[in-house]
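S.K.: What follows is a predicted protein model with its sequence.
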Amino acid sequence: MEIERIRREVEELKRDFYNNLGAWQRLQLARHPQRPYTDDFIRLLFENFSEIHGDRNFSDDPALITGMATFHGKPVMIVGNQKGRDTKQRLARNFGQAKPEGYRKALRAMKLAAKFRRPIFIFVDTQGAYPGVDAEERGQAEAIAFNLREMSRLPVPIVVTITGEGGSGGALAIAIGDRVYMLENSVYSVISPEGCASIMWRDPSKAEVAAEALKITAPDLLEMQLIDEIVPEPDGGAHNDHYATAKLLEPVLVRSLEELSRLSAEVLIEQRYQKFRNMGKFFA
């Protein structure tokens with residue numbers, strides 16, 4: 001009995017610890033190399049996945065995965081960032097940082113979904129869009145801006161989940177959704193804390209201070225009504241149990257799909273427009 005009591009107390013202390021993590025600690029969990037990525041969620045939640053490659057303009061971008069699948073017997077489209085597990089994979093996937101062809105591939109897949117009336121599930125986990133010269137030469141900013149406009153008027157349900165890092169316009173370019181969810185220890189921000197600290201104080205060592213100031217955590221964003229719901233993670237973080245994480249996310253996705261599928265295309269588009277139009281509005 002005494003051992004059982006101690007075990008319960010230890011479990012309670014662990015839960016309290018993880019429930020009260022600061023922004024910097026949550027950022028480290030969001031960046032954990034063993035965190036579940038898009039291909040893990042595809043394997044655990046979907047069936048009959050068939051990947052779509054290429055943007056029909058320049059090339060394929062492995063930093064973004066797109067493809068058709070079934071979810072609880074319903075045909076859907078999947079779009080998501082993919083970082084890679086080891087150094088070789090990360091280099092091949094460009095650390096999940098998409099180039100213009102990646103965003104154009106994603107939009108191509110989403111327009112296919114709209115054509116065939118398939119809901120779209122999106123999994124976001126990227127530090128941001130790739131900032132290299134070659135990406136800029138091929139129209140990185142234009143590709144992101146074009147996605148924002150086109151996603152806002154797609155006539156099918158769009159469900160977005162921030163699973164790790166949601167960094168700047170690189171994340172937002174695939175995150176214009178009717179529902180936007182965040183895993184408990186994910187982050188979503190206009191800039192990384194390191195980048196913010198370098199600009200504000202010219203001192204990257206102040207990144208922890210910047211992380212708190214930026215309000216990047218799921219509770220912060222829910223309070224500001226920038227996301228719709230926080231999805232809990234297993235004790236210790238999603239990296240500890242991919243299967244449990246997927247099972248915690250699954251009923252949220254099922255519920256959102258049921259709710260959004262009842263709406264007409266016109267209502268979907270209008271509600272999506274109003275949702276993003278009202279963000280940042282603090283006074284009547």
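M.R.: Right, received. Where do you want to start? None of these values were measured; they are calculated from a predicted model.

S.K.: just the strands in the stretch 1-150 of the chain please.
M.R.: Ranges of strands within the stretch 1-150 of the chain are 47-52, 64-71, 74-81, 120-126, based on DSSP state E, counting those that start in this stretch.

S.K.: List the contacts of Cys196.
M.R.: Listed by Cβ atoms under 8 Å, 6 or more residues apart in numbering, the contact partners of Cys196 are Ala207, Ala210, Ala213, Leu214. In short, each C-beta sits where N, CA and C put it, glycine included.

S.K.: Can I get the helix or strand where the third one lies in CSV, CA atoms only?
M.R.: This points to Ala213. Secondary structure assignment for Ala213, by DSSP states H and E: helix 207-214. Written as CSV, here are the backbone C-alpha positions of helix 207-214 (Å, rounded to 0.1, in the frame of the first residue of the first chain):
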residue,chain,number,x,y,z
ALA,A,207,15.7,33.4,-26.5
GLU,A,208,14.1,32.0,-23.4
VAL,A,209,12.9,35.6,-22.5
ALA,A,210,11.7,36.0,-26.0
ALA,A,211,9.8,32.7,-25.9
GLU,A,212,7.7,33.9,-23.0
ALA,A,213,7.1,37.3,-24.5
LEU,A,214,6.0,35.9,-27.9
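
S.K.: Serialize the contacts of Cys196 to JSON lines and add fields for neighbour count and pLDDT.
M.R.: Conversion of the contacts of Cys196 to JSON lines gives the following (neighbours: other Cβ atoms under 10 Å; pLDDT from 0 to 100):
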{"residue": "Ala207", "neighbour count": "19", "pLDDT": "90"}
{"residue": "Ala210", "neighbour count": "25", "pLDDT": "90"}
{"residue": "Ala213", "neighbour count": "14", "pLDDT": "91"}
{"residue": "Leu214", "neighbour count": "21", "pLDDT": "91"}
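
S.K.: Identify, from those residues, the entry nearest to Lys115.
M.R.: Leu214 (38.4 Å; Cβ to Cβ).

S.K.: ok, Gly227 touching Tyr188?
M.R.: Quick fix: residue 227 reads Ile, not Gly. Yes: contact status for Ile227 versus Tyr188: in contact at 7.2 Å, counting by Cβ atoms under 8 Å.
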